[in-house]
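Participant: Need the 3D shape of this:
(one chain, ligands or ions: 1)
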Amino acid sequence: MNLLSIKNLSKNFGGIKALIDVNIELKKGSLTGLIGPNGAGKSTVFNMITGIYPPSSGTITFNGVNITTKPYKNTKLGIARTFQNIRLFKNLTVLDNVKIPEHLHVEYGILSSFLQGPKYLKGEKAEDNEAIELLKIFNLDKFKMNLAKNLPYGEQRKLEIARALATKPLLLLLDEPAAGMNPQETKELLDTVKFVRDKFNITVFLIEHDMSFVMELCEDIYVMDYGEIIAHGTPDEIKRNPKVIAAYLGEDTNEITLEGGIS
Ligand SMILES: Nc1ncnc2c1ncn2[C@@H]1O[C@H](COP(=O)(O)OP(=O)(O)OP(=O)(O)O)[C@@H](O)[C@H]1O
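Facilitator: So this is what the prediction gives:
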């Protein structure tokens, strides 16, 4: 069954056709990649799914709900994302960064939290425990009282993913999660993304320029160029697709392959 269904999605920014008739289907529990050269329209797809901009035409259905015009509800419905440029609460602790999104699911009211009654305190404790469990998955629990801004870059990227997971999403959108990471960090990230998909049984959709990362991690890949989906298939199919090779290398040839990976 499909968790996300994008049908005939188009987006114009003035005269720029950022998306042209895009169709994407994400199976529940799948790990899917979205790749393409700079300016191809990948982030615009994410911005449409999360409702940052309304589409010019087309529909987006998430878990059976038409969300094309319901951006404000997307987090509550179960969509979380990370950004190309890390967006953490930099002056809060690592722990608080993960606790704040958890509040989306907390049930006590303003009065209860103001009076700090037993329900509030119990809720806070449970939240702390849940947040620490989440940090442990990313090996970030040792930094829990550090300010987010003081973490090394690779750890900040991981914290952003942990924070997105704290909203208990059904769909996790990762925008260039491996950007700026060294090979060791990238390898760890790959294992972590696989682990969280399996552990939380979520669907992951990611944009990434590190081709070997995408080819190793994703089961299904969509390729965009100039606002259109030019290919869709397994990593093996995508690596050998002449249209994809031409889009990346600017020439139409069957002899060049993506086997070695292009970053
Ligand atoms: N808010 C906006 N206003 C005007 N044009 C925009 C806006 N957002 C995106 N575009 C344009 O839409 C096109 C697609 O951009 P988009 O950022 O989606 O590409 P991308 O594939 O994510 O690129 P990159 O890999 O460089 O991040 C580009 O021509 C871009 O300039």
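
Participant: So which bits of this protein are right by the ligand?
Facilitator: For the chain, the contact set with the ligand under CB under 6 Å from any ligand atom comprises 13, 16, 18, 36, 38, 39, 40, 41, 42, 43, 44. To be clear about C-beta, it is placed using only N, CA and C from the backbone, and glycine gets the same treatment.

Participant: go with 8 Å
Facilitator: Residues of the chain lying near the ligand by CB under 8 Å from any ligand atom: 11, 13-14, 16, 18-19, 36-47, 53, 84, 176, 207, 209, 224, 227.

Participant: where exactly do the strands run in the stretch 1-150 of the chain?
Facilitator: 2-13, 16-27, 31-35, 57-62, 65-66, 79-81 (DSSP state E, counting those that start in this stretch).

Participant: quick one, the second one and strand 31-35 angle?
Facilitator: It stands for strand 16-27. Per axes from the mean of the first three to the mean of the last three CA atoms, to 10 degrees, the angle that strand 16-27 makes with strand 31-35 is 160 degrees.

Participant: which strands and helices sit next to strand 16-27?
Facilitator: Packing partners of strand 16-27 (3 or more CB pairs under 8 Å, 6 or more residues apart in numbering; DSSP states H and E): strand 2-13, helix 42-49, strand 203-207, strand 220-225, strand 228-233.

Participant: buried set for the third one?
Facilitator: Read that as strand 203-207. In terms of neighbour count (16 or more other CB atoms under 10 Å), strand 203-207 has its buried residues at 203, 204, 205, 206, 207.

Participant: Now do whichever helix or strand comes after it, average pLDDT.
Facilitator: Heading C-terminal from strand 203-207, the first helix or strand you meet, by DSSP states H and E, is helix 211-217. Here helix 211-217 scores 93 as its mean pLDDT.
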